[in-house]
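Student: Based on what follows, work out the 3D shape:
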Amino acid sequence: MNKVTGTVKWFNAEKGFGFIEVSGSDDVFVHFTAIAGDGFKSLDEGQRVNFEIVRGNRGPQAANVVKL
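Tutor: Residues are numbered from 1 along each chain as shown. Now for the predicted structure:
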């Protein structure tokens with residue numbers, strides 16, 4: 001899988017999901033279970049992340065999300 005870099009468009013920590021903006025592509029859905037690391041998993045708006053794009057039930061979805 002190719003890793004891509006994007007920017008968190010928004011992330012709702014209570015619901016555990018959000019979207020990542022990728023230049024030249026559609027926004028990518030991200031679920032908290034895809035975020036690497038231990039403890040409480042959340043992302044901040046505007047944060048840069050590196051991740052893989054996989055096929056989810058509703059389209060492209062982020063996997064193996066690493067905060068930069």
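Student: Which residue lies nearest the spatial centre of this structure?
Tutor: For the chain, the residue sitting closest to the mean C-alpha position, by C-alpha atoms, centre = their mean, is Val30 at 3.9 Å.
Student: A helix includes it, no?
Tutor: No: looking at Val30 with DSSP: H, G, I helix; E, B strand; the rest coil, it is strand, so not inside a helix.
Student: close enough to count as contact, it and Phe11?
Tutor: Yes: taking contacts as C-beta atoms under 8 Å, Val30 lies within contact range of Phe11: 7.1 Å. Bear in mind the C-beta positions are built from the backbone N, C-alpha and C, glycine included.
Student: and for those two, which residues touch both?
Tutor: Residues within reach of Val30 and of Phe11 at once, by C-beta atoms under 8 Å, 6 or more residues apart in numbering, are Phe17, Gly18, Phe19, Leu43.
Student: Out of those, the closest to Thr5 would be?
Tutor: Leu43 (13.6 Å; C-beta to C-beta).
Student: Residues touching stretch 40-60, excluding its own?
Tutor: Counting by C-beta under 8 Å, 6+ apart, 1-11, 13, 16, 18, 20, 22, 26, 28-30, 32-35, 61-68 sit against stretch 40-60.
Student: Out of those, which end up buried?
Tutor: 4, 6, 8-9, 11, 18, 20, 22, 28-30, 32, 34-35, 61-63, 65, 67 (16 or more other C-beta atoms under 10 Å).
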